[in-house]
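# what follows is a protein structure lacking sequence information:
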């Protein structure tokens, strides 16, 4: 067997990037202003704890300001995620693009149409299906 000289090594592991999933573009309903927040996960696939801000504001303040936008207007919301675990994870930034719309009717995940929506008879009687 051959003799091997022992050597010291230093291994540096950098901070991980959070895995961010963002629905963009989004339709945001006029007068409501709510939008889907980014989903942030760690390297293990679990939700990563931290703080999300939107152009420096809270979700509630951002949604409130979006309420006043008019139908058809478009824009973007910048977001910043700062993880609670800043030792192991980097901050993340990105953009959510949006279009303001009037109320959207949905059946499941699809836009409601005459073919997939419930219809009501003009003169229904008890027991009608």
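Received, thanks. Treat the numbers as computed from the prediction; the structure is a model and nothing was measured.
# dump the residue contacts of residue 41.
With contact set as CB atoms under 8 Å, 6 or more residues apart in numbering, residue 41 has these partners: 18-21, 47-48. (C-beta placed from N, C-alpha, C; glycine too.)
# by neighbour count, which of the residues you listed wins?
Neighbour counts for the contacts of residue 41 (other CB atoms under 10 Å) peak at residue 48, which has 22 neighbours.
# return the backbone torsion pair for the closest residue to it other than its chain neighbours.
For residue 48, ignoring the flanking residues on the chain, the nearest one in space by CB to CB, 6 or more residues apart in numbering is residue 42 at 4.2 Å. When read as degrees, to the nearest 10, the backbone of residue 42 gives phi -90, psi -180.
# and the lowest-mean-pLDDT helix or strand in the chain, what does it pack onto?
Within the chain, no helix or strand scores below strand 106-107, which has a mean of 76 by mean pLDDT, DSSP states H and E. On a contact count with 3 or more CB pairs under 8 Å, 6 or more residues apart in numbering; DSSP states H and E, strand 106-107 meets no helix or strand.
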